[in-house]
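Novice: below: sequence and its predicted model.
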Amino acid sequence: MSKNAKIAAGGVAVGLILLIWLPWWASLLIILGVPAAAYLMLDPSQRRRLHRASRKQLGR
């Protein structure tokens, strides 16, 4: 199993635990808020690099 797959599996496990332990709306805020906060913490040059990489994967 690759490193990214392990991280994804861990994220799913944490998400399921949060859904059981917290109300659904709090879990949703955490699940959506963490990636959004991580994106907003990037420098503008890092955001551009991320956009270029995602466009290349889409075949544009």
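Specialist: Yep, it's here.

Novice: from here on, just use CA atoms for contacts and neighbour counts.
Specialist: Fine.

Novice: centre-most residue in the chain?
Specialist: The centroid of the chain falls nearest to Pro35 when counting by C-alpha atoms, centre = their mean (4.1 Å).

Novice: per-residue confidence for that one?
Specialist: In this model, Pro35 is scored at 85, pLDDT.

Novice: any stretches of this protein with poor pLDDT?
Specialist: Across the chain, the ranges flagged by pLDDT under 70 are 55-60.

Novice: quick check: the gap between Met41 and Leu28.
Specialist: 20 Å (C-alpha to C-alpha, to the nearest Å).

Novice: higher neighbour count, these two?
Specialist: Applying other C-alpha atoms under 10 Å to Met41 and Leu28 shows that Leu28 carries more neighbours, namely 14 against 11.

Novice: starting at the chain centroid, how far to the helix or strand hosting the more buried one?
Specialist: Assessed by DSSP states H and E, Leu28 sits inside helix 24-40. Remark: helix 24-40 is offset 8 Å from the chain centroid, using C-alpha atoms, centre = their mean, to the nearest Å.

Novice: which helix runs longest in the protein?
Specialist: Assignment by DSSP state H gives helix 3-21 as the longest helix of the chain.

Novice: how far out from the middle of the chain is that helix?
Specialist: Remark: helix 3-21 is offset 11 Å from the chain centroid, using C-alpha atoms, centre = their mean.

Novice: and it, what other elements does it pack with?
Specialist: Helix 3-21 sits against helix 24-40, with contacts defined as 3 or more C-alpha pairs under 8 Å, 6 or more residues apart in numbering; DSSP states H and E.

Novice: let's see 6 Å
Specialist: If you count contacts as 3 or more C-alpha pairs under 6 Å, 6 or more residues apart in numbering; DSSP states H and E, helix 3-21 packs onto no helix or strand.

Novice: next, the buried residues of it.
Specialist: Using 16 or more other C-alpha atoms under 10 Å as the test for burial, helix 3-21 gives Gly15, Leu18, Leu19.
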